[in-house]
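1. any chance you can model this:
(chains A, B, C and D)
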Protein chains: 2
Amino acid sequence: MGRPRAFDEERAVEAAAELFARRGYEGTSVDDLVTTLGVHRGSLYKVFGSKRGLYLAALRRHLDRHVLPLADELVGASDPRRALATASAAYDSGPAAGLLLLAQAELAHRDPEVAALTAEAFGALEKAIAGVLAASDGPAAEAGPHLAAALTATVLGLRLRSRTTGAAGAGPEAAHALAACLAPPPADRPTGPTGPDAPTGD
Amino acid sequence: MGRPRAFDEERAVEAAAELFARRGYEGTSVDDLVTTLGVHRGSLYKVFGSKRGLYLAALRRHLDRHVLPLADELVGASDPRRALATASAAYDSGPAAGLLLLAQAELAHRDPEVAALTAEAFGALEKAIAGVLAASDGPAAEAGPHLAAALTATVLGLRLRSRTTGAAGAGPEAAHALAACLAPPPADRPTGPTGPDAPTGD
DNA sequence: GGAATTTGAGAACAATCGTTCTTGACCGAT
DNA sequence: ATCGGTCAAGAACGATTGTTCTCAAATTCC
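-> Numbering: from 1, shown residues only, chains lettered A, B, ... in the order given. From the prediction side, this is the model:
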């Protein structure tokens, strides 16, 4: 009963995520949101309760639709090098790739609920990478979770830098260089169907 | 001639840097600045021109007094492992350690002047690390600047994460784990007067 | 078809933002 | 001692913040 809503809630959350990812939380005003989302003030507050509520919904959606699937994809990686490359590439070009980053930088240290979400995301990524490391036979196998935390931080930091330089090449190349150093060229011991992407130093 | 100013400009900039590093740029109001700095509104605008002017001064000071000296210190490091540990430890516990981080995350992508400052800082750090890598003889020697960029990103990302977890141990341990994987234990070839800190896997 | 009910549109809210202005206190030079 | 110039103190500015309120439009149930 009553008038049906004329906006797609999913689309609104998605657009909000993109906006938050680009300008951050404080940098995005409610006016910006209602303008670009097309949703009206009243409806926005009726559905999401507050600007923060919309932000939490956008962050949760970003985690569920992009970050956690990426973690699942990493679990299936054949070796640490490919896992790192996958993580870097995927996280570099997502539609709202900067949302998790900005959430951690801007809000996590003073908003426990945001902190819980980012911790969940980073935990999943680190756990996935740690699993790949444990399955490998290189010197990285013993380092365990600590190394996984470092690699996750690397991807995070690269993404943070690439937000400015605009040179998208800085991310993948740097990640590739680090991956190449992690495990020696597995020429003598193929670890699985790694495919054509050989560890060439191009 | 005229009444002498009753506040220490250096102290004011330092306190502002600490405040900006803790709450970010948008999260720090001029009222907060006036209150904690003790400097009055009029004086603040007379000396720094604007809130942004004070921020730029604080960031410039942070670079000159902490980041660039750290880069110089890294140049003198004997091997990549120690350099990484030094960078991580130093950057983890500085008085305004989060300022460069927040500047990159919050402002660099939309403020060219801030972007120039952060690019200068990251460039110096990467150049220093790249120099250490080039001097080493491990597999990291050939990776060059790309690997340096990755390692700088790692330090940045670890710092970003440690802002929330509060567990300061997450940073150094992860950096240590990564460093241990980078260069094999140099037991057979001492690279210099590295001192007592042996590469034990504690 | 009419009452109920929910949405959409926009004005309006108090609070806070960064900034400027006015006023009086202070100090060095004349 | 007086004048010129700078500073501190705080009120006040318009603009913007996030949020709420009022009212007309639109749809479903009876």
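
2. could you give me the average pLDDT of stretch A:78-97?
-> Confidence for stretch A:78-97, expressed as mean pLDDT, is 71.

3. which stretches of chain A have low pLDDT?
-> A:1-2, A:91-97, A:137-143, A:165-171, A:182-202 (pLDDT under 70).

4. residues in contact with the longest helix along chain A: which ones?
-> Counting residues, the longest helix found in chain A (DSSP state H) is helix A:112-135. Residues outside helix A:112-135 that contact it (C-beta atoms under 8 Å, 6 or more residues apart in numbering or on different chains) are A:55-56, A:59-60, A:63, A:67-68, A:70-72, A:74-75, A:77, A:79-80, A:83-84, A:87, A:100, A:103-104, A:107-109, A:140-141, A:143-145, A:147-149, A:151-152, A:155-156, B:161, B:164-165. Every C-beta, even on glycine, is put in place using the N, C-alpha and C of the backbone.

5. residue numbers of chain A in contact with DNA strand D?
-> Applying C-beta under 7 Å from any atom of the strand, we find that chain A lies next to DNA strand D at A:1-4, A:26, A:28-32, A:41-42, A:45, A:50-52.

6. before we move on, which element is A:Arg110 in?
-> Using DSSP states H and E, A:Arg110 sits in no helix or strand.

7. what separates it from DNA strand D, distance-wise?
-> 15 Å (C-beta to the nearest atom of the strand, to the nearest Å).

8. on that earlier part again, may I see the PyMOL selection of the buried members of the residues of chain A next to DNA strand D?
-> Burial among the residues of chain A next to DNA strand D is assessed by 16 or more other C-beta atoms under 10 Å in any protein chain shown; the matching PyMOL selection reads:
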select buried, chain A and resi 28+51
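
9. which residues are in contact with the residue nearest to A:Ala90 when sequence neighbours are not counted?
-> Using C-beta to C-beta, 6 or more residues apart in numbering or on different chains and skipping residues adjacent in sequence, the residue nearest A:Ala90 is A:Leu70, 5.1 Å away. Going by C-beta under 8 Å, 6+ apart, A:Leu70 touches A:86-87, A:90-91, A:125.

10. A:Arg163 now?
-> A:98, A:101, B:104-105, B:108-109.

11. can you lay out the residues you listed as a markdown table showing distance to DNA strand C and neighbour count?
-> Output for the contacts of A:Arg163, formatted as a markdown table (distance: C-beta to the nearest atom of the strand, whole Å; neighbours: other C-beta atoms under 10 Å in any protein chain shown):
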| residue | distance to DNA strand C | neighbour count |
| --- | --- | --- |
| A:Gly98 | 23 | 24 |
| A:Leu101 | 23 | 22 |
| B:Gln104 | 19 | 25 |
| B:Ala105 | 17 | 24 |
| B:Ala108 | 18 | 24 |
| B:His109 | 19 | 21 |
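
12. A:Leu19 and A:Leu33 touch, don't they?
-> Yes - counting by C-beta atoms under 8 Å, A:Leu33 is a contact partner of A:Leu19 at 6.6 Å.

13. pretty sure A:Val39 is touching A:Arg11, no?
-> No - contact between A:Val39 and A:Arg11 fails when scored by C-beta under 8 Å: they sit 9.3 Å apart.

14. between those two, which one's more packed in?
-> Counting neighbours by other C-beta atoms under 10 Å in any protein chain shown for A:Val39 and for A:Arg11 shows that A:Val39 has the greater number, 25 against 12.

15. got the residues of chain A near DNA strand C?
-> Checking chain A against DNA strand C by C-beta under 7 Å from any atom of the strand, the hits are A:1-7, A:39-43, A:46-47.

16. redo that, cut-off 6 Å
-> Within chain A, the positions near DNA strand C by C-beta under 6 Å from any atom of the strand are A:1-3, A:5-7, A:40-43, A:46.

17. which ones among these lie within helices?
-> A:41-43, A:46.

18. ok, and the closest non-adjacent residue to A:Ala16?
-> A:Ala58 (4.6 Å).

19. what's the burial count for the one you found?
-> So A:Ala58, with other C-beta under 10 Å, has 25 neighbours.

20. now name the helix or strand holding it.
-> Here A:Ala58 is assigned to helix A:51-62, by DSSP H and E.

21. tell me which residues in the helix or strand that that helix is followed by are buried?
-> Helices and strands here follow DSSP H and E; after helix A:51-62, the next one along the chain is helix A:68-75. Across helix A:68-75, burial judged by 16+ other C-beta under 10 Å covers A:68, A:70-71, A:74.

22. packing partners for the helix or strand that helix A:68-75 is followed by?
-> Going down the chain from helix A:68-75, the next helix or strand is helix A:80-92, by DSSP H and E. If contacts are counted by 3 or more C-beta pairs under 8 Å, 6 or more residues apart in numbering or on different chains; DSSP states H and E, helix A:80-92 sits against helix A:68-75, helix A:112-135, helix A:145-165, helix A:170-182.

23. deepest in the core, which of those is it.
-> Most buried of the helices and strands packed on helix A:80-92, by mean neighbour count (mean count of other C-beta atoms under 10 Å in any protein chain shown): helix A:145-165, with a mean of 25.

24. show me how far that one is from its chain's centre.
-> 10 Å (C-alpha atoms, centre = their mean, to the nearest Å).

25. how far off helix B:80-92 does that helix point, in degrees?
-> Going by axes from the mean of the first three to the mean of the last three C-alpha atoms, to 10 degrees, helix A:145-165 is angled at 70 degrees with respect to helix B:80-92.

26. CA atoms of helix A:145-165 as CSV?
-> C-alpha atoms of helix A:145-165 as CSV (Å, rounded to 0.1, in the frame of the first residue of the first chain):
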residue,chain,number,x,y,z
PRO,A,145,50.2,-14.4,8.7
HIS,A,146,52.7,-11.7,9.2
LEU,A,147,53.9,-11.8,5.7
ALA,A,148,50.3,-11.9,4.5
ALA,A,149,49.6,-8.7,6.5
ALA,A,150,52.6,-7.1,4.9
LEU,A,151,51.5,-8.0,1.4
THR,A,152,48.0,-6.8,2.0
ALA,A,153,49.4,-3.5,3.3
THR,A,154,51.5,-3.3,0.1
VAL,A,155,48.4,-3.6,-2.1
LEU,A,156,46.7,-1.0,0.1
GLY,A,157,49.6,1.4,-0.1
LEU,A,158,50.0,1.0,-3.8
ARG,A,159,46.4,1.8,-4.3
LEU,A,160,46.7,4.8,-2.0
ARG,A,161,49.6,6.1,-4.1
SER,A,162,48.0,5.5,-7.4
ARG,A,163,45.0,7.7,-6.5
THR,A,164,47.2,10.7,-7.0
THR,A,165,49.9,9.8,-9.6
